[in-house]
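[1] following is a predicted model, sequence given first.
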Amino acid sequence: MTTKRSVGAIMSPFQMVGGAETVDSAMHVMREHGLNAILVEPNAEGEWGIMTKRDVLRKVIVPNRSPASLKVEEIANRFLITCARDASLLHVARQMMNNGIRRIVVMEDGQPLGIVTEADLFRLVEQSGWGVAA
């Protein structure tokens, strides 16, 4: 069951690419959909990944590499911080702060359902306020 104070109520949809796609192709999908991150299909070990704008900045732009010649797999992060759909918003906010991240993937039975971002939390607080949330 999803409550108003759980991530299931505020998670954002996501787009997905394969690890073998080029970074410039994935960047195009991100721009086309107005996203700051894109999920990466599971690798041979079954691990989901994520590629963010920050990954592109750190691993492509600053080192002056060509996004057309890099595969998403080369820059994607395979260590995902995840949560369940019924996780509390306070729990997710603490996970973000403790791990220095801006988004958490909502998973159910090993499959992604959505992404909760700092922006989602900000929007909720701005629109509805923030009280004591467990």
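    It's in. Numbers count the residues shown, from 1 in each chain.

[2] from residue 70, how far out is residue 105?
    According to Cβ to Cβ, to the nearest Å, residue 105 and residue 70 sit 22 Å apart. Every residue, glycine included, has its C-beta placed from N, CA and C.

[3] the more surrounded of the two?
    residue 105 (20 against 17; other Cβ atoms under 10 Å).

[4] so where's the protein uncertain?
    Within the chain, the ranges that satisfy pLDDT under 70 run 1-4, 130-134.

[5] all the helices of it, residue numbers only.
    7-10, 23-33, 53-56, 72-75, 89-99, 118-128 (DSSP state H).

[6] with distance to residue 17 added, can I get those in JSON lines?
    Compiled in JSON lines, the helices of the chain are given as follows (distance: least, Cβ to Cβ, whole Å):
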{"stretch": "helix 7-10", "distance to residue 17": "23"}
{"stretch": "helix 23-33", "distance to residue 17": "5"}
{"stretch": "helix 53-56", "distance to residue 17": "13"}
{"stretch": "helix 72-75", "distance to residue 17": "6"}
{"stretch": "helix 89-99", "distance to residue 17": "23"}
{"stretch": "helix 118-128", "distance to residue 17": "21"}
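
[7] among those, which is nearest residue 44?
    helix 72-75 (10.3 Å; Cβ to Cβ).

[8] show me what counts as buried in the closest one.
    Neighbour counts over helix 72-75 (16 or more other Cβ atoms under 10 Å) mark 72, 73, 75 as buried.

[9] pretty sure the second one sits against residue 19.
    Looking back up the chat, that one is residue 73. Yes. Using Cβ atoms under 8 Å, residue 73 makes contact with residue 19 at a distance of 3.4 Å.

[10] mutual contacts of those two, please.
    Both residue 73 and residue 19 are in contact with 40, 43, 49, where contact means Cβ atoms under 8 Å, 6 or more residues apart in numbering.

[11] and those, which are buried?
    40, 49.

[12] and the shared contacts of residue 73 and residue 19 as TSV, adding distance to residue 10?
    Listed next are the shared contacts of residue 73 and residue 19 as TSV, based on distance: Cβ to Cβ, whole Å:
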residue	distance to residue 10
40	23
43	29
49	23
